[in-house]
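Engineer: Need a 3D model of the sequence below.
(4 chains)
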Number of protein chains: 2
Amino acid sequence: MDEKKREALEERGWKVGDTQEFLGLTEDEVSLIDMKLSLAEGLRTIRSKESLTQEEVANRIGSSQSRVAKMESADSSVSLDLLVRTLLRLGTDRDGIASILGSPRRQKATV
Amino acid sequence: MDEKKREALEERGWKVGDTQEFLGLTEDEVSLIDMKLSLAEGLRTIRSKESLTQEEVANRIGSSQSRVAKMESADSSVSLDLLVRTLLRLGTDRDGIASILGSPRRQKATV
DNA sequence: TGACACCATGTCGGTTCTGACATATCGTAA
DNA sequence: TTACGATATGTCAGAACCGACATGGTGTCA
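Structural biologist: As a prediction, the model looks like this:
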C-alpha cells in the first residue's frame, strides 16, 4: 500500500486509519474501495470515449452533474449500486461490469 | 410487493432476463436484479460449503440473522454494497466477485 | 479582460438501506 | 405430539445515500 494512494483516499472522505496506520483498513475494506475506484475510472473512460459531459450523463441517468462528478472521483457518498446502475445505463453489460471489477488493471478491452 | 414475487419467479428459472417488459422494468433494472440474484446465490453456496448458519455469518460480518436471510433471498431492501461486502468478508476476492457477476457462469459440481 | 463551458466541492431535505428485534414457518428428533 | 435449531418475514429508528442547488476553480476563446 503506497502513501500516494492513502492520501488520495483520505481526500475523498474515506476514513483511513487514525492512530493506526493505513493498514487500519481491513483487507476487504480496501478491496471494496479499490473496486469502486475501478468502476469510477471505467465510468470516466466511457464518458470520455463517447465525448459526453457530466451533465449529459446526469440527464441520461436522471441525476445531476455534481453526483456524476462524485461518482467519477469515487466519493465516499457514492454507492456501488449507483456506479453499477450508471454503467448499465450507459450501455455496459454484465460482463463489462465484471471485467472492470475483476483483477486489477490495464486490459485493452475489445470495444 | 410485486418486486419480491418477480424475484421469486426469476429464482425459480423464469428467465425474465430478455423480457424487459415483464412489469415495466427496463433492461438495466433487470440486469441489476439478475446480478443481485447471482450474488445472493453465491453467498448461499459459500455458506453451505462452509457449513455455517445464517447467524454465524451475521456475527462474522456484524449484522443479524434476518439480514443475512434477506441477502440470500435478494430482498429488495438489500444493496449491492452489502452483498459484496459480505462476500469479501467471507473470503471471496475481487476476481471471485467478478466471476459471480459475469453473466452465465455455472460450472463446478462439487459433491 | 470578460464570457463561457466544464468539472469539483459543500450542503441539505428527502429517500433508501441497515441492524435489531419480534414473530412465524419449516425440518426433525424424541 | 412437543421441543428445538434454522430460516423466513415484518417492522422501525437511525444511518447512509441521493438529487438538487450553490459556489468555486480551471481552461479557452475573442
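Engineer: Run the angle between the helix or strand harbouring residue A:98 and helix B:94-101 for me.
Structural biologist: According to DSSP states H and E, residue A:98 maps onto helix A:94-101. For helix A:94-101 against helix B:94-101, the angle by axes from the mean of the first three to the mean of the last three C-alpha atoms, to 10 degrees is 170 degrees.
Engineer: quick one: contacts of helix A:94-101?
Structural biologist: A:35, A:38-39, A:42, A:84, A:87-88, A:92, A:107, A:109, B:31, B:34-35, B:94, B:97-99, B:101-103 (C-beta atoms under 8 Å, 6 or more residues apart in numbering or on different chains). No exception for glycine: its C-beta is placed from N, CA and C like everyone else's.
Engineer: Tell me if the helix ranked longest in chain A is near chain B.
Structural biologist: Ordering each helix of chain A by length in residues (DSSP state H) puts helix A:27-49 first. Yes. Counting by C-beta under 8 Å from any C-beta of the partner chain, chain B has neighbours in helix A:27-49: A:27-28, A:31-32, A:34-35.
Engineer: Now which of the contacts of helix A:94-101 would you call buried?
Structural biologist: A:35, A:38-39, A:42, A:84, A:87-88, A:92, B:31, B:34-35, B:94, B:97-99, B:101-102 (16 or more other C-beta atoms under 10 Å in any protein chain shown).
Engineer: What sits closest to the spatially most central residue of chain A if chain neighbours are left out?
Structural biologist: Nearest to the geometric centre of chain A sits residue A:40, at 2.4 Å (C-alpha atoms, centre = their mean). Leaving aside its chain neighbours, residue A:40 sits nearest to residue A:74 (4.0 Å; criterion: C-beta to C-beta, 6 or more residues apart in numbering or on different chains).
Engineer: Let me know the secondary structure of that neighbour.
Structural biologist: Following DSSP: H, G, I helix; E, B strand; the rest coil, residue A:74 is assigned to coil.
Engineer: Surely it touches residue A:32?
Structural biologist: No. At 10.7 Å, residue A:74 does not count as touching residue A:32 under the criterion of C-beta atoms under 8 Å.
Engineer: In terms of neighbours, single out the busier of the two.
Structural biologist: residue A:74 (23 against 20; other C-beta atoms under 10 Å in any protein chain shown).
Engineer: pLDDT value on that one, please?
Structural biologist: The score at residue A:74 is 96. That number is its pLDDT.
Engineer: show me the contacts for it.
Structural biologist: A:12, A:33, A:36-37, A:39-40.
Engineer: Write out the residues of chain A neighbouring DNA strand C.
Structural biologist: Taking C-beta under 7 Å from any atom of the strand as the contact definition, chain A meets DNA strand C at A:11, A:53-55, A:65-66, A:69-70, A:72-73, A:77, A:81.
Engineer: Tell me the confidence at the closest residue in space to residue A:61 that isn't next to it in sequence?
Structural biologist: Spatial nearest neighbour of residue A:61, excluding adjacent residues (C-beta to C-beta, 6+ apart): residue A:89 at 4.8 Å. On pLDDT, residue A:89 comes in at 97.
Engineer: now residue A:103
Structural biologist: With respect to pLDDT, residue A:103 scores 73.
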